[in-house]
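Asks: Would you be able to build a 3D model of this:
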Amino acid sequence: MTDANGTNAKSMSLIVTKGTLDWAYPPFILATTAAAMGVNVSMFFTFYGLALLKKDLKLQISPLGKPDMEMPMMGMHMKMPNVVAAIPGVNAMATTMMKNLIKKKGVASIEDLRAAAVDAEIEMIGCQMTLDLFEMDPKDMIDGVKLGGAAVYMENALKSDINLYI
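Replies: The predicted model follows:
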């Protein structure tokens, strides 16, 4: 579907609920790719996903509860049993390994993807209820974040061609 000027008139709305390093990639990659294709994108950050809008990102991953998580190590792919993930320091080790893999493979950082989303004028909405619930300060968020609740998300979702929950 295109508008009168021949540009893409589709829209996409995403709910972003996770704030870990590994869960930050899907919404930002999908949003920036869609925006590059001319899709109007709105991202609604709620619960732990709201942390992705903080100026100072301290993203980690946790292998706990992720039995399918395989990391390339020593020429093979190794899975980490859940019991190992409960040991102190494993999150930091897994995060370091993931960040090194991301850098080695030339994958953009979350900071870079988020900056690309800002440059693409993707609408980023922080959930006001979550902000209040977790006693977060709006001044700790990146510039340009709108605050709103479920009704704001619904207004966007009801007119969107694509709705994603991540």
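Asks: If you drop the residues flanking it in sequence, what lies closest to the residue most central in space within the chain?
Replies: Among the residues of the chain, Ala24 comes closest to the average C-alpha position under CA atoms, centre = their mean, at 3.1 Å. Taking CB to CB, 6 or more residues apart in numbering, and ignoring the residues beside it in sequence, Ala24 has Ile110 as its nearest neighbour in space, at 4.7 Å. Where C-beta positions appear, they are placed from N, C-alpha and C, glycine not excepted.
Asks: ok, that neighbour - contacts?
Replies: Contact analysis of Ile110 by CB atoms under 8 Å, 6 or more residues apart in numbering lists 21, 24-25, 28, 52, 57, 59.
Asks: same deal with Leu133?
Replies: Counting by CB under 8 Å, 6+ apart, Leu133 makes contact with nothing.
Asks: what do you get for Gln60?
Replies: Contact partners of Gln60, counting by CB under 8 Å, 6+ apart, are 20-21, 91-92, 94-95.
Asks: So what touches stretch 25-40?
Replies: By CB under 8 Å, 6+ apart, the residues outside stretch 25-40 that reach it are 7-12, 14, 16, 41, 43, 49, 52, 110, 113-114, 116-117, 120-122, 161-162, 164, 166.
Asks: Let me see the mean pLDDT of it.
Replies: For stretch 25-40, mean pLDDT is 97.
Asks: Work out the gap between it and the centre of the chain.
Replies: Centre-to-centre, stretch 25-40 and its host chain are 11 Å apart (CA atoms, centre = their mean, to the nearest Å).
Asks: What residues of it count as buried?
Replies: The neighbour-count criterion (16 or more other CB atoms under 10 Å) identifies 25, 27-32, 34-35, 39-40 as the buried residues of stretch 25-40.
Asks: Among those, which one lies nearest to Ile87?
Replies: Distances from Ile87 to the buried residues of stretch 25-40, taken as CB to CB, are shortest for Tyr25 (25.4 Å).
Asks: could I have the strand or helix carrying the closest one exported to PDB, CA atoms only?
Replies: Using DSSP states H and E, the secondary-structure element containing Tyr25 is helix 21-36. Taking only C-alpha atoms (Å, rounded to 0.1, in the frame of the first residue of the first chain), the coordinates of helix 21-36 have been written out as PDB:
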ATOM      1  CA  LEU A  21      20.800  -7.600  25.900                       C
ATOM      2  CA  ASP A  22      19.600 -10.600  23.900                       C
ATOM      3  CA  TRP A  23      15.900  -9.500  23.900                       C
ATOM      4  CA  ALA A  24      16.800  -5.900  23.000                       C
ATOM      5  CA  TYR A  25      17.900  -6.900  19.400                       C
ATOM      6  CA  PRO A  26      14.600  -8.100  17.900                       C
ATOM      7  CA  PRO A  27      12.500  -5.000  18.400                       C
ATOM      8  CA  PHE A  28      15.200  -2.500  17.400                       C
ATOM      9  CA  ILE A  29      16.200  -4.600  14.300                       C
ATOM     10  CA  LEU A  30      12.600  -5.000  13.200                       C
ATOM     11  CA  ALA A  31      11.700  -1.400  13.900                       C
ATOM     12  CA  THR A  32      14.800   0.100  12.100                       C
ATOM     13  CA  THR A  33      14.400  -2.200   9.200                       C
ATOM     14  CA  ALA A  34      10.700  -1.400   8.800                       C
ATOM     15  CA  ALA A  35      11.500   2.300   9.000                       C
ATOM     16  CA  ALA A  36      14.100   2.000   6.300                       C
END
